[in-house]
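Chemist: Sequence first, predicted model second:
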Amino acid sequence: MYRADFIAYLNWKYVLRPITKRMDKERLYRIVSAVVPRLLPVAAALRKIAGRAGARLIPIVEYSHLKLPPEVNNEWAILDTFDMYSPAHDHPQRISTVKRWLTSAGFTDVDVRRGPNGIVGRGRKTLIMEQ
């Protein structure tokens, strides 16, 4: 799940989603499909200059660092940007909250940490079989 921290809330999706999540999804997709291809070169240039932080200055998702064919990069950028702005629900959590949830659910050996795209958690749960 997504992290709830100051840096995470600086993401464009939390600035724009209060508006975009209420939009008609087809209209939002048309807008994203028109805007993303125009912003891709700018985002790629910013990524070259300032890395991941540079790419995040533009309110789209882009994958120039993966060296994808241009048409694939464009398609992924459109789809992931739409995915970023369209959900009605996105409830970032703190690591301590996720640990508490897993522990309260009876998991042992709980390990919750920052992952590449938010929070990653795991634990063990023993199943009791009825006879």
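Modeler: Thanks, I have it. Numbering: from 1, shown residues only.

Chemist: now for the longest helix that the chain contains, which elements pack on it?
Modeler: In terms of residue count, the longest helix belonging to the chain (DSSP state H) is helix 25-55. For helix 25-55, the elements it packs on are helix 70-85, judged by 3 or more Cβ pairs under 8 Å, 6 or more residues apart in numbering; DSSP states H and E. (C-beta placed from N, C-alpha, C; glycine too.)

Chemist: Tell me which other helices or strands the helix-or-strand element of the chain with minimal mean pLDDT touches.
Modeler: Counting by mean pLDDT, DSSP states H and E, the weakest-scoring helix or strand in the chain turns out to be helix 12-20, with a mean of 88. Counting contacts by 3+ Cβ pairs under 8 Å, 6+ apart, the secondary-structure elements packed against helix 12-20 are helix 70-85.

Chemist: If I take the helix it packs on and helix 25-55, what angle do their directions form?
Modeler: Helix 70-85 and helix 25-55 meet at an angle of 110 degrees, taking axes from the mean of the first three to the mean of the last three Cα atoms, to 10 degrees as the criterion.
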